[in-house]
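A.B. asks: how does the following fold in three dimensions:
(one chain, ligands or ions: 1)
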Amino acid sequence: MITIALTKGRILKDTLPLLSAAGIVPEEDISKSRKLVFATNRSDVQLLVLRGADVLTYIRYGAADMGVVGKDMLMEDGGAQLYELHDLGIARCRLMTATKKDQAGIAYQSRIKVATKYVNIAQRYYAEQGVQADIIKLYGGMELAPIMGLADEIVDIVDTGKTLVANGLEEANFIADISSRLVANKASMKVKHAELKVISDAIAAAVSE
Ligand code: AMP
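C.D. replies: Numbering: from 1, shown residues only. Just a heads-up that it's a prediction; the model follows:
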């Protein structure tokens, strides 16, 4: 059995057409189901639908052979023990810092507070910038933190920027371009090499089309 872990949400929506082009189609409509594991048209392939961070954990421990995850999750995780096979070019967005409107560009006098779910990325980024930052871990709704005085700025992914604007924030500094990646377990790539290579090549071909 080949197990492919997919990240739920907007990444999943863009992943399914690539999987379908590679000849893998779930047996039921994932968006209409509460299930977490799905059979496919191929009796030897099953799909898991998880949060991005959990996709990496499943693949790392070999509970999934390969999967699709945002580059933001890989950067935060470090990606040790995993192969990053292909850039799928889907769910593109940017990892940015953001502040309250009209505050971007104002130089900081002392330590700042930064709210984010990307603690490791933020720690690295501010250290590289030579900015002393206390990182505050949040699990969602980062945009609220500067408005409520919890933090001076946030680190989050931004697509259209509408969510920032709706919450009185604006983009400040660019950290990285993000898109989704095909990732594999190292041992699986040895043991199931032929089968995984066929799938990974077919997905890569669908991407370049
Ligand atoms: P935006 O289009 O900038 O208003 O983005 C809306 C929200 O969706 C943001 O708060 C992000 O956290 C999230 N988001 C944006 N792009 C992506 C993406 N490619 N994958 C997952 N979440 C995203």
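
A.B. asks: got the residues of the chain near the ligand?
C.D. replies: The chain has residues 9-11, 70, 91, 93, 156-163 near the ligand, with proximity defined as CB under 6 Å from any ligand atom. C-beta: built from backbone N, CA, C; applies to glycine.

A.B. asks: give me the buried entries from those.
C.D. replies: Ile11, Gly70, Ala91, Cys93, Asp156, Ile157, Val158, Thr163 (16 or more other CB atoms under 10 Å).

A.B. asks: out of those residues, list just those in helices.
C.D. replies: Among those, the members found in helices (DSSP state H) are Ile11, Thr163.

A.B. asks: possible to save the buried ones among the residues of the chain next to the ligand as a markdown table with pLDDT?
C.D. replies: Listed next are these as a markdown table, based on pLDDT from 0 to 100:
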| residue | pLDDT |
| --- | --- |
| Ile11 | 97 |
| Gly70 | 98 |
| Ala91 | 97 |
| Cys93 | 98 |
| Asp156 | 98 |
| Ile157 | 98 |
| Val158 | 98 |
| Thr163 | 97 |
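
A.B. asks: from the contact counts, what lies against the helix or strand Ala205 falls within?
C.D. replies: Taking DSSP states H and E as the criterion, Ala205 maps to helix 193-208. With contacts taken as 3 or more CB pairs under 8 Å, 6 or more residues apart in numbering; DSSP states H and E, helix 193-208 sits against strand 2-7, helix 10-21, strand 66-70, strand 82-87, strand 180-185.

A.B. asks: report the buried residues of the fourth one.
C.D. replies: For strand 82-87, burial by neighbour count (16+ other CB under 10 Å) applies to Leu82, Tyr83, Leu85, His86.

A.B. asks: tell me the domain boundaries of this structure?
C.D. replies: Per automatic domain parsing, the structural domains of the chain span 2-91+179-208, 93-177.

A.B. asks: wait, what's in contact with Lys190?
C.D. replies: Listed by CB atoms under 8 Å, 6 or more residues apart in numbering, Lys190 has no contact partners.

A.B. asks: ramachandran coordinates for it?
C.D. replies: phi -90, psi -50 (degrees, to the nearest 10).

A.B. asks: quick check: beta-bridge partners of the most centrally placed residue in the chain?
C.D. replies: When CA atoms, centre = their mean is applied to the chain, the residue found nearest the centroid is Gly70 (2.4 Å). For Gly70, the beta-bridge partners are Ser180 (DSSP bridges).

A.B. asks: which positions in the longest strand along the chain come out as buried?
C.D. replies: Counting residues, the longest strand found in the chain (DSSP state E) is strand 169-178. Within strand 169-178, the residues that count as buried by 16+ other CB under 10 Å are Leu169, Glu171, Ala172, Ile175, Ile178.
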